[in-house]
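# Give me a 3D structure for the following:
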Amino acid sequence: MTSLELPDFVMPLPEYGASAAMADIEQDMWAWLERHGLIANESLREQLVRTRPQYTTALYYPRADVEHLKVINRFMAWAFIVDDLFDDSISAGDEDCVSAFSAELIGVARDDERPQSIAGRALREVLDALCLGRSQQWRLALAEANTAWLGTYPIEAQASREGRIMQFNAYAPHRRDGVGERIFFLMAEHVRDIELPSEVRDLPAMTQARERAIEWVGRSTTMSSRTRRRRPSATSTTWSK
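Residues are numbered from 1 along each chain as shown. Model (predicted):
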C-alpha cells in the first residue's frame, strides 16, 4: 500500500468544548512532573508542550472542576511520557527493558509490589489519590484496566523484533487494550463523585457500547498516527531508579 485515504468520521454527539480548568491543571501538571523528575530532558518537555495532555483531559471531562481534574491530568501526562518511553525502547529493539518496565508498572497498578522507578513512584501516588474512598471492586477494575493497557507493550516489542505485522483478528483486541480508554471510563466516575455498581458497569449492553467506542478511538488514532513526524528520542532517564 503506497497511500492511505482516511474516511470521514461522523461523531453523533455534540461538542461540549473543553473544561474551563485547563489552564489551572496545566500549571499543576508541570509542577507535579518536575517534583517527580519525570521530565528527562528538553526534548521530552517540548513533546509535552506540543501534545498538550491538559487539552486532552479538558476535552474528556469538559464539565469537571479543577480539583477533580488535577489528578486525572497528572495521570494523563504520566501516560503520555510512559507511552513515549515504551515506543523509544521498542524502536531501539530493547525488548528486555520493555518487559521489565511493563512488569513493574503492572505490579504497581495491581498493588502487588513497591515501585522501583521514578515512573512507578509517580504512578503509585496518582493511583492512591484516585482510589481514595473507593470500593475494592472499583480499585480492582482500575487495576485491570491499567494491566490490560500496560501489557500491550511487550507484545508490540516482540512483534517488532520479529518483524511481524499482526493479523486483524489479533490486532483488533490488542488495540482495544492498547489505547487505555477503559481507565478513563472509570475516571469519569471520579469527576462526578460517583461509583457505578459493578452490576451496572458490567452489563453486557454497557460493555458492548464501551468496547465499540474504544475500537473507534483505537482505529482512528492508528490511522492518524501514520502522518505524524517521528520526534527525537526522549532517552531512558525516566526509567532510572
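
# I'd like the distance between the closest residue to residue 184 other than its chain neighbours and residue 180.
Nearest residue to residue 184, sequence neighbours excluded (Cβ to Cβ, 6 or more residues apart in numbering): residue 60, at 5.9 Å. Where you see a C-beta, it was placed from the backbone N, CA and C, and this is true even at glycine. Distance, residue 60 to residue 180, by Cβ to Cβ, to the nearest Å: 12 Å.

# go on, residue 215?
Between residue 215 and residue 180 the computed distance is 13 Å (Cβ to Cβ).

# With residue 78 instead?
Counting by Cβ to Cβ, the gap between residue 78 and residue 180 amounts to 12 Å.

# Ok, residue 141 next?
Distance, residue 141 to residue 180, by Cβ to Cβ: 13 Å.

# ok, now residue 194?
Distance from residue 194 to residue 180, by Cβ to Cβ: 21 Å.

# tell me the contacts of the most centrally placed residue in the chain?
With the centre of the chain defined as its mean C-alpha position, the nearest residue by Cα atoms, centre = their mean is residue 79, 4.4 Å away. Listed by Cβ atoms under 8 Å, 6 or more residues apart in numbering, the contact set of residue 79 reads 53, 180.

# Ok, residue 206 next?
Residue 206 neighbours (Cβ under 8 Å, 6+ apart): residue 200.

# Tell me the spacing between it and residue 182.
Taking Cβ to Cβ as the measure, residue 206 falls 12 Å from residue 182.

# and what of residue 134?
For residue 134 relative to residue 182 (Cβ to Cβ), the value is 16 Å.

# Residue 12 now?
In terms of Cβ to Cβ, residue 12 sits 21 Å off from residue 182.

# higher neighbour count, these two?
residue 182 (20 against 4; other Cβ atoms under 10 Å).

# Verify the contact between that one and residue 207 for me.
No - using Cβ atoms under 8 Å, residue 182 is not in contact with residue 207; the gap is 10.0 Å.
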